[in-house]
Structure formats: structure tokens, C-alpha cells
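*Asks:* Got a sequence here, can you build the structure:
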Amino acid sequence: MMAEIVQGSRNGTPSRKSKTILVVDDKLDTLLLVRELLSSRGYNVITASDADEAVQAIQMERPDLILLDVIMPGRSGYDLCRELKEDHSTRLIPIVMITGLSDRSDRIRGIEAGADDFLSKPLYPEELYARVKSLLKLKHFTDELENAEAVLFTLALGVEARDPFTGDHCSRLAHYAGALGRHLHFDYENIVALERGGYLHDLGKIKVPDEILKKGSELTREEWDIMKLHPVTGELICQPLKSFRRVLPIIRHHHEHWNGSGYPDGLEGHNIPVLARTLQVVDVYDALTTERPYKPALPQPQARETMLREAKRGLWDYELVREFFNMLEAQQKAA
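*Replies:* Residues are numbered from 1 along each chain as shown. Purely as a prediction, here's the structure:
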């Protein structure tokens, strides 16, 4: 059975706010029953009879919730659930596993696969409605969080647009930082934090006046004191979002120095969070190799020499600088 979409509403016309639910089951009678029950409540219903059809349906129209049978031909519901929860693009979609199995070990398998909830066969309409409503509310909160994150990224790009010297500095930093994180075998969450930090590290400059931000160099002591507040300001802006907990140390500490001469807290050595030190390396490299009105761009060999020299003086993490250029050389050889 090919994936189908049924748009339901109480007045017979599709609602723009209707949530989309994917029902995956190889039993036609179960598909028809669940589709009828949910479409009568105003939900848009997609159906699929196996894991492959479900993947196609998810790619075509991203559902807000998935009702997934455990026993299916080919890949089981456990297998599909695990696959979706391991994929960062689908892992936040709530999954309810529908099962006729009552063994406790089967529930444990579902939990280990990442299932968010369970429904037992035979299905009872009121229980189905209650579970669906509860998980869609959770999905709504997740979507709101993603919207808040998107606003912060937009603000960060707006700050970058105010600075005539940076160009696409943030996107370059996100690229370099993510690549260096992968080179260093950081886990997925830390790599995402580095990429986010690439975009958000200078968000606090939103409070720096244009006449200071656009001055570029030769700031007065008073202007420099204002500029040095931007890491703390950026951290405060992002602090309410718990999903940014790994990004906050990057934002606050990306201007610390290995010898303790940086700001805002004068941290030194390994007291500086490793993600902040990692972003710092790529930030310095991008500044050196990008042309600015007050300086030419350095070629990579000269940038390497400069950064290693400054690392030996105590400004940067020497080992991270060395690993960064090892990564660049490996990329060039592979190209």
C-alpha cells in the first residue's frame, strides 16, 4: 500500500493548523480504523504499510507524530524507531509504538529504541485521542523552542551585517568549527554546539553601538571596555534556552587566552572550556586569512606560522592550533 494522506476537519475542509500524523501498520483494517478515528478529530493522516513506505512518507511530508506498529514485514517497528531517533532530522518527532505484545521485555525493547509512548491492541478511541493529544502538545513545545533558536540565529546574522569587516564570518566559523570537532572525534552534541557557537559567538555585539562596532581598530579604553562586554551579553541572551547549555561556554569564553590575559573572566589553560578554545582557534584563523580594510589576508602557511608563534607566547591552545592545521592539510591532500 502506497503512503496516503487524508486531511480531516470537523467542518469538512482541511485546517491549516491541523497536525499531521503518520500511521504505520501492515494490517489494512488497523490503518483504516486509526485513520478514521484521527481524521474525525481534525488531524491530517498519512498511512504506510511498512518501514520503507514510512520513510518515503516522512521525506515527503514531515509528520508531527508517528504511530508505529511493532510487528511488520521487513524492518520491524523497533528497527524503524531506532533509525528515526538516531537521525538528527527526525529524532524529535514523537513516536507511539502500537503493539499486541504484553511482555515487559517488549516494552523495554521499545524504550531502548527511543519510543516516546505505547498503545496496546485492541485500540480504545479515548486512549488513542489522549495519547495523541499529549504528545502533540509536547511536539508543539519542541517547535516553539526551535522557533526561538531560529530567532537568535537571525539576530546573530543581523549583528554580523552591521559589521562591515566580517562578511560571512559566522558561516565560515560554523563550518571550520564543525570540521575541527569531527577531526578531534568530538561527539555529535559537541559538534552541533561548535557549529551553533560559530553563528552565535558575537551575538552580544547587538548592544555595542555602531560607532564602536564599525571603527574596526584603535578603540579608546572606554570603547574597548564596552566591546569586551559582548561575550557576557551574548551568554545572557542565550541563557534561557536549555538546548544551548553547551553553547553558552563558547559564547562567554571565546576571547579567553591560554595564559590568562583574555576576557571576560581571565581564565587560563585547561580552565578555558575546550569548546571555547576550539572555536577560538578557527576564529583567529578566519581573522588572519580574511582581507579587511586595515590589513591584507594572510596565506595559510603564514597564518599557521603566526598562530603557532602566538600559541607558544601563551595566547592559544598550542595542541589545538596544531591539530587544526593538520586537519586543513589532510583536507587539501584528499581534495
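
*Asks:* CA atoms for contacts and neighbours, from now on please.
*Replies:* Fine.

*Asks:* Which residue ranges make up each domain of the chain?
*Replies:* The chain breaks down into these domains under automatic domain parsing: 4-142, 163-334.

*Asks:* which element is residue 314 on?
*Replies:* Using DSSP states H and E, residue 314 sits within no helix or strand.

*Asks:* before we move on, what SS does residue 45 have?
*Replies:* When classified by DSSP: H, G, I helix; E, B strand; the rest coil, residue 45 comes out as strand.

*Asks:* surely residue 98 meets residue 66?
*Replies:* No - contact criterion C-alpha atoms under 8 Å: residue 98 and residue 66 do not qualify, at 10.2 Å.

*Asks:* before we move on, back to that, export the domains of the chain to JSON lines and tack on mean pLDDT, mean neighbour count and distance to residue 156?
*Replies:* Shown next, in JSON lines, are the domains of the chain (pLDDT from 0 to 100; neighbours: other C-alpha atoms under 10 Å; distance: least, C-alpha to C-alpha, whole Å):
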{"stretch": "domain 4-142", "mean pLDDT": "83", "mean neighbour count": "17", "distance to residue 156": "21"}
{"stretch": "domain 163-334", "mean pLDDT": "91", "mean neighbour count": "18", "distance to residue 156": "5"}
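
*Asks:* Quick one: closest of these to residue 152.
*Replies:* Closest approach to residue 152 among the domains of the chain (C-alpha to C-alpha): domain 163-334, 7.7 Å.

*Asks:* And the closest one, how far out from the chain middle?
*Replies:* Its chain's C-alpha centre and that of domain 163-334 lie 19 Å apart, by C-alpha atoms, centre = their mean, to the nearest Å.

*Asks:* Now do the contacts for the residue lying closest to residue 268 once chain neighbours are set aside.
*Replies:* Spatial nearest neighbour of residue 268, excluding adjacent residues (C-alpha to C-alpha, 6 or more residues apart in numbering): residue 260 at 4.1 Å. When contacts are counted by C-alpha atoms under 8 Å, 6 or more residues apart in numbering, residue 260 touches 266-269.

*Asks:* Kindly recompute the last result at 7 Å.
*Replies:* Neighbouring residues of residue 260 by C-alpha atoms under 7 Å, 6 or more residues apart in numbering: 266-268.
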